[in-house]
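Participant: let me see the structure of the following:
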Amino acid sequence: MNFNEFSFRVRYGETDQMGVVYHGNYAQYLEMGRVEWLRNMGISYKKMEESGVMLPVISLQLHFKKSAVYDDLLTVATILKKEPLVKIEFDYKIYNEAREVLVEANTVLAFINMETNKPMKCPEYILQKLNS
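Facilitator: Reported below is the predicted structural model:
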């Protein structure tokens with residue numbers, strides 16, 4: 001599956017004094033989207049790390065269209081761009097309850113062997129899940 005959506009409410013602590021979501025929180029929202037994308041495929045990020053694979057972000061792009069505010073119901077759409085090799089790339093759209101696009105984003109992450117701290121190919125079990 002190359003697409004997943006999940007929703008959540010903006011918490012008060014994620015906003016500034018004007019009630020607007022602080023821009024730095026969007027990186028966390030994207031991470032939530034990736035983790036839920038993996039979980040929806042039956043892959044636990046925790047178990048992936050326990051097996052010696054980590055996925056650090058090597059590129060992050062955010063394009064802000066409109067502000068999110070306290071108590072907004074946001075939806076993060078996470079889209080896998082292409083079959084992963086040594087890197088995995090996602091596009092995202094974050095919507096409000098009216099389905100207005102608030103943010104368009106992209107991340108690239110690298111598969112890293114935690115023992116050697118070197119890049120590695122995407123684990124076979126992830127490729128199998130993508131192709132099933």
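Participant: give me the buried positions along the longest helix along the chain.
Facilitator: Determined from DSSP state H, the single longest helix within the chain is helix 25-40. Buried residues in helix 25-40, defined by neighbour count with 16 or more other C-beta atoms under 10 Å: 26, 29-30, 33-38. Every C-beta, even on glycine, is put in place using the N, C-alpha and C of the backbone.
Participant: now the helices for the chain?
Facilitator: All helices of the chain, identified by DSSP H, fall at 25-40, 45-50, 124-130.
Participant: so which of the ones you listed comes closest to Tyr95?
Facilitator: Nearest to Tyr95, of all those, is helix 25-40, at 11.4 Å by C-beta to C-beta.
Participant: if I look at the closest residue in space to Val35 that isn't next to it in sequence, how far off is Ile126?
Facilitator: The spatially closest residue to Val35, leaving aside those adjacent along the chain, is Tyr45, at 5.2 Å (C-beta to C-beta, 6 or more residues apart in numbering). From Tyr45 across to Ile126, the span is 11 Å (C-beta to C-beta, to the nearest Å).
Participant: likewise for Val20?
Facilitator: Taking C-beta to C-beta as the criterion, Val20 is separated from Ile126 by 36 Å.
Participant: who's more crowded, those two?
Facilitator: Set Val20 next to Ile126 and count neighbours by other C-beta atoms under 10 Å: Ile126 wins out with 19 against 14.
Participant: tell me who's in contact with the most centrally placed residue in the chain.
Facilitator: For the chain, the residue lying nearest the average C-alpha position, counting by C-alpha atoms, centre = their mean, turns out to be Arg34 (3.1 Å). By C-beta atoms under 8 Å, 6 or more residues apart in numbering, the contact list for Arg34 reads 45, 55, 78, 90, 107, 109.
Participant: same check on Val103?
Facilitator: 26, 62-65, 68, 92-94.
Participant: and which of those is nearest to Thr116?
Facilitator: Nearest member of these to Thr116, counting by C-beta to C-beta, is Tyr92, at 30.0 Å.
Participant: partners of that closest one in the sheet?
Facilitator: In this entry, Tyr92 is beta-bridged to Thr78, Ala105, by DSSP bridges.
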